[in-house]
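Undergrad: following is a predicted model, sequence given first.
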Amino acid sequence: MDATVKQMLEGFGYGISNYTSSLGPDNAKIREAKRIYDDLMKKAEAGADVRAISMDRGFMRLGQLVGELASETPLSPGELAAYGDGIRADEIPPASVPAAGYRMAWEQLDAPTKQKMKNYYDRIFAIEAKAGNAVFFNTMLREDGVLLDMSREPLIEEAKKTLAAAREAYSPTVNYQQGLAIETYGSVGTVQELEFEGAKMAEMSNVEHEWDAQYLEVIGLLPACAQAIEAFGPTDENVGKLRNSHVFMAEFMGIAWDDVFENERYLYFWENVAWDRLPAAKKVRYAVTTPKDYADVLKKQFFEPFVKDLPAPVKSPERRVRFWGKEYDAQEGMRLLENPPRPEVTP
């Protein structure tokens with residue numbers, strides 16, 4: 001019989017034996033579980049491998065039954081006494097029983113994943129060999145920290161890859177978030193802490209990504225309107241949107257054209273993302289060689305001619321944005337994203 005299959009089935013056997021000690025051998029689910037267990041053992045003895053057993057409908061049903069037995073009402077001491085001592089199950093299972101799940105998982109991994117995970121499973125199987133029983137096995141797993149390493153080290157490696165990609169995409173939010181993930185995952189002490197910190201960072205990151213996208217959209221409203229005229233012509237709709245935005249941004253946000261290109265966050269986007277996406281043909285057409293050149297062309301040809309008849313807009317002194325429940329100057333976007341003033345969240 002395959003050693004891994006034997007361990008898997010023995011684990012179910014111990015479970016059935018333990019529940020028999022509290023529910024009695026006449027329990028309907030106990031009887032069904034024993035019948036399926038015996039059938040699976042026969043198949044394993046006949047040569048069925050891990051894949052065949054784990055895909056067997058009886059195996060799935062057996063797992064379901066063992067789970068359901070946990071919610072069954074135990075018999076009273078008097079009812080159990082009628083069966084004598086034959087149903088006692090005081091023996092502690094060997095380490096091979098809890099280790100069976102890890103062996104089954106290992107066998108089902110594809111070759112590339114096995115190569116990545118081999119170090120962790122080698123540590124688990126070494127602990128199995130040292131442990132005298134299931135209790136020691138589970139205790140030694142916690143003391144070794146292999147399960148924590150197995151969970152966090154791949155996350156750290158993925159965060160490093162994402163961080164490298166983010167630098168090419170020029171995203172201050174991702175730069176901060178992935179850098180924080182590498183630092184945080186490396187400092188946690190338990191799997192539970194890892195899960196909590198991961199969920200917390202994910203929720204905060206989602207908010208910050210959305211805030212950054214909206215911030216860029218609002219701060220860059222004026223050049224976006226000018227680009228629409230440059231790309232699609234001075235239609236009534238495009239010109240009307242530009243003129244309204246010119247007045248609105250000054251009154252509502254305290255921002256005029258020059259303020260946009262003094263904004264660190266917008267400049268970061270303009271110089272590293274917008275400029276790279278500008279088609280080469282347009283760079284040639286307007287004889288521009290730098291992001292500033294292109295911004296000047298937009299201002300002189302596609303912005304100023306369409307607002308020159310308007311009175312100079314009155315800029316509001318209130319240039320405020322809200323971030324994590326507090327207000328900041330609208331020009332502080334880059335600072336807020338590179339090291340966001342996140343609210344404190346504790347478990």
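TA: That came through, no problem.
Undergrad: pLDDT below threshold where in the stretch 201-347 of the chain?
TA: Filtered on pLDDT under 70, the stretch 201-347 of the chain yields the residue ranges 347.
Undergrad: now the residue most central in space within the chain: how far from Val345?
TA: By CA atoms, centre = their mean, the chain has its centre lying nearest to Ala202, at 6.2 Å. According to CB to CB, to the nearest Å, Ala202 stands 12 Å off from Val345. Placement of C-beta: from N, CA and C, glycine included.
Undergrad: let me know the next secondary structure element after the longest helix belonging to the chain.
TA: Secondary structure of the chain per DSSP state H: the longest helix is helix 191-219. Under the assignment DSSP states H and E, the closest C-terminal helix or strand after helix 191-219 is helix 221-232.
Undergrad: beyond that next one, next helix or strand please.
TA: Remark: after helix 221-232, the chain's next helix or strand is helix 236-248, criterion DSSP H and E.
Undergrad: that following helix: which residues count as buried?
TA: Across helix 236-248, burial judged by 16 or more other CB atoms under 10 Å covers Asn238, Val239, Lys241, Leu242, Ser245, His246.
Undergrad: next: stretch 105-120.
TA: Buried positions in stretch 105-120, judged by neighbour count with 16+ other CB under 10 Å: Trp106, Glu107, Tyr120.
Undergrad: what's the distance between the second one and Ala3?
TA: Going back to what we said before, that points to Glu107. Distance from Glu107 to Ala3, by CB to CB: 10 Å.
Undergrad: what sits up against stretch 280-298?
TA: With contacts defined as CB atoms under 8 Å, 6 or more residues apart in numbering, stretch 280-298 is touched by Pro223, Ala226, Gln227, Glu230, Phe261, Trp270, Glu271, Ala274, Trp275, Leu278.
Undergrad: export it as PDB, just CAs?
TA: Taking Å, rounded to 0.1, in the frame of the first residue of the first chain, the C-alpha atoms of stretch 280-298 are listed here in PDB:
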ATOM      1  CA  ALA A 280       6.200  59.600 -31.400                       C
ATOM      2  CA  ALA A 281       4.300  61.200 -34.300                       C
ATOM      3  CA  LYS A 282       3.000  63.900 -32.000                       C
ATOM      4  CA  LYS A 283       6.400  64.600 -30.500                       C
ATOM      5  CA  VAL A 284       7.600  65.200 -34.000                       C
ATOM      6  CA  ARG A 285       4.600  67.200 -35.100                       C
ATOM      7  CA  TYR A 286       4.900  69.600 -32.100                       C
ATOM      8  CA  ALA A 287       8.700  69.500 -32.100                       C
ATOM      9  CA  VAL A 288       8.800  68.600 -28.400                       C
ATOM     10  CA  THR A 289      11.600  66.700 -26.700                       C
ATOM     11  CA  THR A 290      10.700  67.000 -23.100                       C
ATOM     12  CA  PRO A 291       7.600  66.600 -21.000                       C
ATOM     13  CA  LYS A 292       7.800  70.400 -20.200                       C
ATOM     14  CA  ASP A 293       7.800  71.200 -23.900                       C
ATOM     15  CA  TYR A 294       4.600  69.200 -24.400                       C
ATOM     16  CA  ALA A 295       2.900  70.900 -21.500                       C
ATOM     17  CA  ASP A 296       3.800  74.300 -22.900                       C
ATOM     18  CA  VAL A 297       2.400  73.400 -26.300                       C
ATOM     19  CA  LEU A 298      -0.900  72.300 -24.700                       C
END
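Undergrad: thinking again about what came up before, quick one: which of the buried residues of helix 236-248 is nearest Leu336?
TA: If you rank these by distance to Leu336 using CB to CB, Ser245 comes first, at 23.1 Å.
Undergrad: next, work out how far apart that closest one and Gln177 are.
TA: 31 Å.
Undergrad: same deal with Ala111?
TA: 32 Å.
Undergrad: ok, Arg265 next?
TA: Distance from Arg265 to Gln177, by CB to CB: 16 Å.
Undergrad: same check on Glu158?
TA: Using CB to CB, one gets 12 Å for the distance from Glu158 to Gln177.
Undergrad: between the two, which one's more packed in?
TA: Neighbour totals were compared for Glu158 and Gln177, and Gln177 leads with 23 against 14 (other CB atoms under 10 Å).
Undergrad: can you pull the contacts of that one?
TA: Counting by CB under 8 Å, 6+ apart, Gln177 makes contact with Met201, Met204, Ser205, Glu208.
Undergrad: what count of nearby residues applies to Met125?
TA: Rather than Met, residue 125 is Phe. If we define neighbours as other CB under 10 Å, then Phe125 has 14 of them.
Undergrad: thought it was touching Ala105?
TA: No: in this structure, Phe125 is not within contact of Ala105 by CB atoms under 8 Å, at 11.7 Å.
Undergrad: tell me which element the nearest residue in space to Gln7 that is not next to it in sequence falls in.
TA: The shortest distance from Gln7 to any non-neighbouring residue, by CB to CB, 6 or more residues apart in numbering, is to Ala100 (3.4 Å). Taking DSSP H and E as the criterion, Ala100 maps to helix 96-108.
Undergrad: the helix or strand following that helix packs against which elements?
TA: Once the chain leaves helix 96-108, the next helix or strand it forms, by DSSP H and E, is helix 111-130. Contact here means 3 or more CB pairs under 8 Å, 6 or more residues apart in numbering; DSSP states H and E; on that basis helix 111-130 packs against helix 96-108, helix 134-144, helix 146-169.
Undergrad: would you reformat those helices as a markdown table and include distance to Ala213 and mean pLDDT?
TA: Converted to a markdown table, the helices and strands packed on helix 111-130 look like this (distance: least, CB to CB, whole Å; pLDDT from 0 to 100):
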| stretch | distance to Ala213 | mean pLDDT |
| --- | --- | --- |
| helix 96-108 | 39 | 80 |
| helix 134-144 | 42 | 89 |
| helix 146-169 | 13 | 88 |
